[in-house]
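*Asks:* Please work out how this folds:
(one chain, ligands or ions: 1)
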Amino acid sequence: MKKTMAVLLCAAMLMTGCGSGSSSDKSKADKNDKSDSAAAEDSKEEFVFPSKTADYPSLKDVYADDFYVGSAVAASQVVDPDYVNLIKEQFNSMTCENEMKPDALLDKDTTLSDIEKYRECPAVKFDKCIDQLEFAKANGIKMRGHTLIWYSQTPEWLFYKDYDTSGELADRELMLKRMENYIKTVFEWADSEYPGLFYAWDVVNEAAADGQSAKRDCLWLQTIGDDYIEKAFEYARKYQPEGVKLYYNDYNAFNFTKQMVIIDFLKPVAEAGNIDGVGMQSHIGTWCDPETYATAVRRYNKELGVEISITELDISKDNTDEWEENQGEYSQRFMEKILELKEEGIPIPSFTIWGLTDGVSWKKQEMPLFFSLSLKAKPAFFGLIAAKAPELAEGQ
Ligand code: GLA
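*Replies:* The predicted structure follows:
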């Protein structure tokens, strides 16, 4: 029995490059062109992938009393045995990386098939995210919904009167109807098909401009006007499924100018009682001072009376030879700061990292994640563990 297991493990290591070789690391980087595929495909039937991460401490277990620990996951990853193991072992929260964004949900063909019927209520279909939601449900993993109203990854046709980008833009009244109906449709579908699965939704994503004290110029702003964020949260509150928290989510939300703009436009939303949380995306690097970050978290909590979640963490490498150690040391300091904020009484119900491995990160050249291309735990992973349970990270 033991011998068979050893043979299986060796075979697995050869196939996946676990613990060594850069060539199979490279192939792992592109899961579409799954590594060593011919041999792997041939032997897949009798081959059971052993878990390659089970020997590592589990983030979700270490932080069980603190917050949900999540990852952004792509649809292809929930049917890939390697990633499946990693997700199940490490995380109890998931965010669809792309599959619940407006461009994934809005159904152009159906909408255009009957413009009058769909004029105020664009058609929506959910086929792209089903695999992820089924996987989450089957494995007791909770979901962050991402994202409803965003300037990006939202089709331009949505903003035109006849859904025709060469025609006229829709007016405020029509866009308010479309916004309300879109939010209603998504929430009602999620609640009826997956009751209790979602615990938070990003209602508005990235509405603050970069480098200036202003809202970002975008088609939502142009068509609806200055209060589009307030309206989005008003509708979200109206249709929110039970148990779901409503979030504003942004990157560089620790930046002082951006912080002020965000607080400014969220104040009326908070006063109306329509927001529950601010999501700090946290696409950062070792340059980001944890204390500056903490100051922003405290300010959002105090000024808006909301909870805070870390929603998209990745930590880009620096340009030194010691980048992996530096990243590990930083990830520990960063997590220690988050725990300190919790100690102070700031509600931080979830901590999500943006992707599973360096190989599938949107910033893969910057190696910003916690597992390597070959699913090996990096110092950055042990940094997260060490902040809470140093004994489990010893010698790593
Ligand atoms: C933003 C979005 C995410 C994702 C990342 C890049 O942070 O909120 O959905 O698109 O950019 O992958």
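*Asks:* Tell me the spacing between the nearest residue to residue 330 once chain neighbours are set aside and residue 90.
*Replies:* Sequence neighbours aside, residue 286 is the residue nearest to residue 330 in space, at 4.3 Å (criterion: CB to CB, 6 or more residues apart in numbering). C-betas here are computed from N, CA, C, even on glycine. From residue 286 across to residue 90, the span is 23 Å (CB to CB, to the nearest Å).
*Asks:* likewise residue 320?
*Replies:* For residue 320 relative to residue 90 (CB to CB), the value is 28 Å.
*Asks:* higher neighbour count, these two?
*Replies:* Set residue 320 next to residue 90 and count neighbours by other CB atoms under 10 Å: residue 90 wins out with 24 against 10.
*Asks:* list the contacts for that one?
*Replies:* 53, 56, 58-60, 69, 71 (CB atoms under 8 Å, 6 or more residues apart in numbering).
*Asks:* Check which residues of the helix or strand hosting residue 86 are buried.
*Replies:* According to DSSP states H and E, residue 86 maps onto helix 81-90. For helix 81-90, burial by neighbour count (16 or more other CB atoms under 10 Å) applies to 82-90.
*Asks:* Show me what the following helix or strand past that helix is packed up against.
*Replies:* The helix or strand immediately downstream of helix 81-90 is strand 93-96, counting by DSSP H and E. Identification of packing neighbours for strand 93-96 by 3 or more CB pairs under 8 Å, 6 or more residues apart in numbering; DSSP states H and E yields strand 68-73, helix 130-138, strand 142-150, strand 350-353.
*Asks:* List of residues touching strand 93-96?
*Replies:* In contact with strand 93-96 (CB under 8 Å, 6+ apart) are residues 68-75, 87, 104, 129, 132, 135-136, 141-146, 199, 311-312, 350, 352.
*Asks:* ok, residue 142 touching residue 194?
*Replies:* No - checked against CB atoms under 8 Å, the pair residue 142 and residue 194 is beyond contact range at 10.4 Å.
*Asks:* Distance check, the nearest residue to residue 137 once chain neighbours are set aside against the ligand.
*Replies:* Leaving out its chain neighbours, the residue that sits closest to residue 137 by CB to CB, 6+ apart is residue 197, at 5.8 Å. For residue 197, the distance to the ligand equals 19 Å [CB to the nearest ligand atom, to the nearest Å].
*Asks:* Could you list the contact residues of the stretch 1-150 of the chain toward the ligand?
*Replies:* residue 146 (CB under 6 Å from any ligand atom).
*Asks:* now the stretch 1-150 of the chain, which segments are flagged as low pLDDT?
*Replies:* 1-54 (pLDDT under 70).
*Asks:* and if we set it to 50?
*Replies:* 1-50 (pLDDT under 50).
*Asks:* buried set for stretch 304-321?
*Replies:* Buried-residue list, stretch 304-321, by 16+ other CB under 10 Å: 304, 306-318.
*Asks:* ah, wrong one, I meant stretch 185-196
*Replies:* 185-187, 190-191, 194.
*Asks:* Report the mean confidence score over that stretch.
*Replies:* Taken as a whole, stretch 185-196 carries a mean pLDDT of 98.
*Asks:* List the contacts of it.
*Replies:* 100, 105, 121, 124, 126, 133, 137, 143, 145, 148, 197-198, 201, 236, 239-244.
*Asks:* Next, count neighbours for the residue nearest to residue 275 when sequence neighbours are not counted.
*Replies:* Nearest non-adjacent residue to residue 275, counting by CB to CB, 6+ apart: residue 269, 4.7 Å away. Residue 269: 25 surrounding residues under other CB under 10 Å.
*Asks:* Pretty sure residue 269 sits against residue 228.
*Replies:* No - when contacts are counted by CB under 8 Å, residue 269 is not listed as touching residue 228 (11.1 Å).
*Asks:* Could I get the contacting residues of residue 97?
*Replies:* Here residue 97 is in contact with 72-74, 354-355 (CB under 8 Å, 6+ apart).
*Asks:* what about 6 Å?
*Replies:* Applying CB atoms under 6 Å, 6 or more residues apart in numbering, we find residue 97 in contact with 72, 74.
*Asks:* doesn't residue 279 make contact with residue 251?
*Replies:* No - between residue 251 and residue 279 there is no contact under CB atoms under 6 Å: 9.7 Å.
*Asks:* What's the per-residue pLDDT of residue 396 here?
*Replies:* Reported pLDDT for residue 396: 84.
*Asks:* Quick one: neighbours of it, just the number.
*Replies:* 15.
*Asks:* can you check residue 114 too?
*Replies:* 10.
*Asks:* got the phi/psi numbers for it?
*Replies:* The phi/psi pair for residue 114 (degrees, to the nearest 10) reads phi -160, psi 80.
*Asks:* go on, residue 162?
*Replies:* phi -100, psi 20.
*Asks:* Leaving out the residues flanking it, which one is nearest to it?
*Replies:* residue 115 (5.9 Å).
*Asks:* Check the burial of that neighbour by counting its neighbours.
*Replies:* Count around residue 115 with other CB under 10 Å applied: 12.
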